[in-house]
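*Asks:* no letters, just coordinates:
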């Protein structure tokens, strides 16, 4: 099946008939990469709500960094989950893989005194291994991805708990003089609140989890939109049979997205451990649901084949900023749950293709301007 | 060939799993041990192993049971926070005709019937920590969360003689310990009307959830004088958030649990991160002793309420040594 993005661009180009692209056309070309317009509207609404109710308290660097930082590890999970969803699958195991990644990182730091430069790659490998299991299960053993990753959620959590003996492990290792060991101090840079990286280069520096989230999003958006593998991901999700008949190795693509999802979950593990300065045997529980919610709010279709990483990033921002605004306004926890659920429903309804066109048609008729055929379809 | 490999992989996987399960199945169900001497079998159903407090309780119970040579503790059954699982585990122990049954109920109502079944089967039951809605048990052992909350509140009053702004991090709202720890604290801080609880939110007992909540409070309130967390991890999460903004020295931190693990509250008091915490007794030693007494036909108290110990900088080192379980248990 041909890439949807490509078709849309071609239609637009044909419509304008080769004349110099107008702003509208340019926007159209960018849109598929930037995700859905509705996502941005939602994000702006949340920001306006924050500014209107809390002003400066909401809109300052510390608060925004804190808000995005709190969601960064889940945002990274959401990128991996988006890849899997784009192929028409689902990955429920990412929360557990993050959990074992966080536990492995804390154990390596505390018991083996390793540096973050060694810890992070090892955690990524651990995550990739479980991702590979998911991929093998869904392809060769032909288990539906929902079932396979649900089983993996349980297996990995069990291993995590067995390995840790159900005891949380602190990452702030103190030597005899009461100072943090050098490696433990380095580990804090991975996400302990108040510890920024690149302080020399960028003034006050940046908060590593936020940086990591942005970099991961950019890299994977480029992979999806610029590489052959990216096109194959969309093709498999659009129609797996058609993709296979046109020469795409569906098995390889499916396994690869699961491995990447696991890899990213493993990568997020140390961030989560550093964030709370300890690895909890329950860390990451139900994070997969937040990750899926971010992807869905960002316009990714669970049917596969439609969605972008940028959209997921916007979805993650909406979720975490909304949480921040509601928290700053002291909205009760019970209502927060209700509101967040309703947002998911609203996002999905609003992002139906042609929703705006359908909503705008009566308005246009009223004004009397004739809508051009082919618009907003 | 390929068609052969798939089923083969599946079979190998299943066999490996089955072997793993089999090796962990309870090995003993009988009453009499080797050497002709009567050995008493104890079954313990834990509501959730994956809480540091309960993991510590499990370790301690195993340790204290070993102190009684004629008591044999079956592998601890973990209900994974599910009442339905726990009911079937209790019924399993009844089927195995254990001599003493210990239960840490996940929730009162669902476990009531199962405990009554054990009682009808003439199996003595010890209830740990949380209650059930029946009198048909032999002994209840637990801490008093209301009292602990109240002591935490009294400590807050002592720390803030001129009053101040208090924020409260709550456990899961529907959990009884959360309700009691909250109520006790609020009752105690009434003693000083200048102490105001300016905000409270559910952080679900988790450090991870407490950090962003505290960050929001720090943005919102220029003056926070004391953080009260319903357990140590949440309070330590708040400490972490405050430290990031260099405000930790203006704030007192009070927690509950006081576990003697490297990542626990006693260490945190020692390091000066927490102002104070309160040991929530695990009841393990009392449970082991009570089980021993029951098995040997001695009278035991129907309700044993254990008192808390306040952890301060002065007694932290000594308490850590007293409660530390690492090294005492081999294997």
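*Replies:* Thanks, I have the structure now. The model shown is predicted, which means the values in this text are computed figures rather than measured ones.
*Asks:* what about residue 101, how many neighbours?
*Replies:* Reading this off chain A. With neighbours defined by other CB atoms under 10 Å in any protein chain shown, the count for residue A:101 comes to 38. In short, each C-beta sits where N, CA and C put it, glycine included.
*Asks:* my bad, the chain I had in mind was chain B
*Replies:* 27.
*Asks:* surely it is in a strand?
*Replies:* Yes - with DSSP: H, G, I helix; E, B strand; the rest coil as the criterion, residue B:101 is assigned to a strand.
*Asks:* element containing the residue of the stretch 101-250 of chain A found nearest chain B, please.
*Replies:* Going by CB to the nearest CB, chain B is nearest to residue A:194 of the stretch 101-250 of chain A, at 2.5 Å. Using DSSP states H and E, residue A:194 sits in no helix or strand.
*Asks:* got the contact list for it?
*Replies:* Applying CB atoms under 8 Å, 6 or more residues apart in numbering or on different chains to residue A:194 gives the contacts B:243, B:244, B:245, B:246.
*Asks:* again, only using 7 Å
*Replies:* If a contact means CB atoms under 7 Å, 6 or more residues apart in numbering or on different chains, then residue A:194 has B:243, B:244, B:245 as its contacts.
*Asks:* out of the residues you listed, which sit inside helices?
*Replies:* Among those, the residues falling in helices (DSSP state H) are B:243, B:244.
*Asks:* give me the subset of the contacts of residue A:194 touching chain A.
*Replies:* Among those, the residues that sit close to chain A (CB under 7 Å from any CB of the partner chain) are B:243, B:244, B:245.
*Asks:* how about the residues of the stretch 151-300 of chain B by chain A?
*Replies:* B:199, B:201-202, B:207-208, B:211-213, B:215-216, B:219-220, B:237, B:240-241, B:243-245, B:261-263.
*Asks:* tell me the buried residues within those.
*Replies:* Neighbour-count burial (16 or more other CB atoms under 10 Å in any protein chain shown) applied to those gives B:199, B:201-202, B:207-208, B:211-213, B:215-216, B:219-220, B:237, B:240-241, B:243-244, B:261-263.
*Asks:* which pLDDT does the model give the closest residue to chain A within the stretch 201-331 of chain B?
*Replies:* Of all residues in the stretch 201-331 of chain B, residue B:244 sits closest to chain A, at 2.5 Å by CB to the nearest CB. At residue B:244, the predicted lDDT confidence score is 92.
*Asks:* isn't it up against residue A:193?
*Replies:* Yes - assessed by CB atoms under 7 Å, residue B:244 is found in contact with residue A:193 at 3.6 Å.
*Asks:* doesn't residue A:248 fall inside a strand?
*Replies:* No - using three-state DSSP, the assignment for residue A:248 is coil, not a strand.
*Asks:* quick check: chain neighbours aside, which residue is closest to it?
*Replies:* Leaving aside its sequence neighbours, residue A:248 sits nearest to residue A:232 (CB to CB, 6 or more residues apart in numbering or on different chains; 4.9 Å).
*Asks:* quick check: mean pLDDT of the strand or helix carrying the one you found?
*Replies:* Using DSSP H and E, residue A:232 falls within helix A:228-238. The average pLDDT for helix A:228-238 rounds to 95.
*Asks:* flag every buried residue along that helix.
*Replies:* For helix A:228-238, a neighbour-count test (16+ other CB under 10 Å) marks A:230, A:231, A:232, A:233, A:234, A:235, A:236, A:237, A:238 as buried.
*Asks:* residues contacting that helix, please?
*Replies:* Helix A:228-238 is contacted by residues A:1, A:3-4, A:83, A:86-88, A:223-224, A:243, A:248, A:250, A:253-254, A:257, A:304-305 when judged by CB under 7 Å, 6+ apart.
*Asks:* where does chain B have low pLDDT?
*Replies:* By pLDDT under 70, the weakly predicted segments of chain B are B:1-37, B:329-331.
*Asks:* ranges for the strands of it?
*Replies:* Per DSSP state E, chain B carries strands over the ranges B:40-46, B:71-73, B:77-78, B:100-103, B:125-128, B:139-143, B:164-170, B:195-202, B:226-229, B:252-257, B:276-279, B:303-306, B:309-311.
*Asks:* between the contacts of residue A:194, which is nearest residue A:340?
*Replies:* Set against residue A:340, the nearest of these by CB to CB is residue B:244 (25.7 Å).
*Asks:* name the nearest residue to that closest one, ignoring sequence neighbours.
*Replies:* In space, residue B:244 is closest to residue A:194, 2.5 Å off (CB to CB, 6+ apart).
*Asks:* cool, and residue B:212?
*Replies:* Using CB to CB, 6+ apart, the closest residue to residue B:212 is residue A:70 (3.8 Å).
*Asks:* ok, now residue A:282?
*Replies:* The spatial neighbour of residue A:282 that comes closest, neighbours along the chain excluded (CB to CB, 6+ apart), is residue B:50 at 5.5 Å.
*Asks:* wait, isn't that neighbour in contact with residue A:281?
*Replies:* Yes - between residue B:50 and residue A:281 there is a contact under CB under 7 Å: 5.0 Å.
*Asks:* shared neighbours of those two, anything?
*Replies:* Here residue B:50 and residue A:281 have A:161, A:166 as joint contacts, going by CB under 7 Å, 6+ apart.
*Asks:* these two: which has the busier surroundings?
*Replies:* Between residue B:50 and residue A:281, counting by other CB under 10 Å, residue A:281 is the more crowded of the two (25 against 21).
*Asks:* could you pull up phi and psi at the more buried one?
*Replies:* In terms of degrees, to the nearest 10, the main-chain angles of residue A:281 are phi -60, psi -20.
*Asks:* just checking, it touches residue A:163?
*Replies:* No - contact between residue A:281 and residue A:163 fails when scored by CB under 7 Å: they sit 8.7 Å apart.
*Asks:* intersection of neighbour lists for these two?
*Replies:* Both residue A:281 and residue A:163 are contacted by residue A:103, under the criterion CB under 7 Å, 6+ apart.
*Asks:* find me the pLDDT at the residue of the stretch 101-250 of chain A closest to chain B, would you?
*Replies:* For residue A:194, the predicted pLDDT is 85.
*Asks:* how much space between it and residue B:220?
*Replies:* Residue A:194 is 18 Å from residue B:220, where distance means CB to CB, to the nearest Å.
*Asks:* what's the answer for residue A:124, then?
*Replies:* As judged by CB to CB, residue A:124 and residue B:220 stand 37 Å apart.
*Asks:* same thing with residue A:46?
*Replies:* Look at residue A:46 and residue B:220: by CB to CB, they are 17 Å apart.
*Asks:* tally of neighbours for residue A:62?
*Replies:* Using other CB under 10 Å, residue A:62 has 15 other residues around it.
*Asks:* so it is in which element?
*Replies:* Here residue A:62 sits within helix A:61-86, counting by DSSP H and E.
*Asks:* does chain B sit close to the helix or strand that that helix is followed by?
*Replies:* Remark: after helix A:61-86, the chain's next helix or strand is helix A:94-112, criterion DSSP H and E. No - Helix A:94-112 is not in contact with chain B by CB under 7 Å from any CB; minimum separation 8.1 Å.
*Asks:* same for helix A:94-112, what does it pack against?
*Replies:* Secondary-structure packing of helix A:94-112 (3 or more CB pairs under 7 Å, 6 or more residues apart in numbering or on different chains; DSSP states H and E): helix A:61-86, helix A:116-139, helix A:145-164, strand A:169-170, helix A:182-188, helix A:250-275, strand A:278-279, helix A:287-297.
*Asks:* any idea how far residue B:280 is from the residue of the stretch 1-150 of chain B found nearest chain A?
*Replies:* Nearest residue of the stretch 1-150 of chain B to chain A: residue B:55, at 3.6 Å (CB to the nearest CB). To residue B:280, residue B:55 is 14 Å away according to CB to CB.
*Asks:* swap in residue A:280?
*Replies:* Going from residue A:280 to residue B:280 by CB to CB gives 18 Å.
*Asks:* ok, those two, which is more surrounded?
*Replies:* With neighbours defined as other CB under 10 Å, residue A:280 and residue B:280 compare such that residue A:280 has more, 29 against 25.
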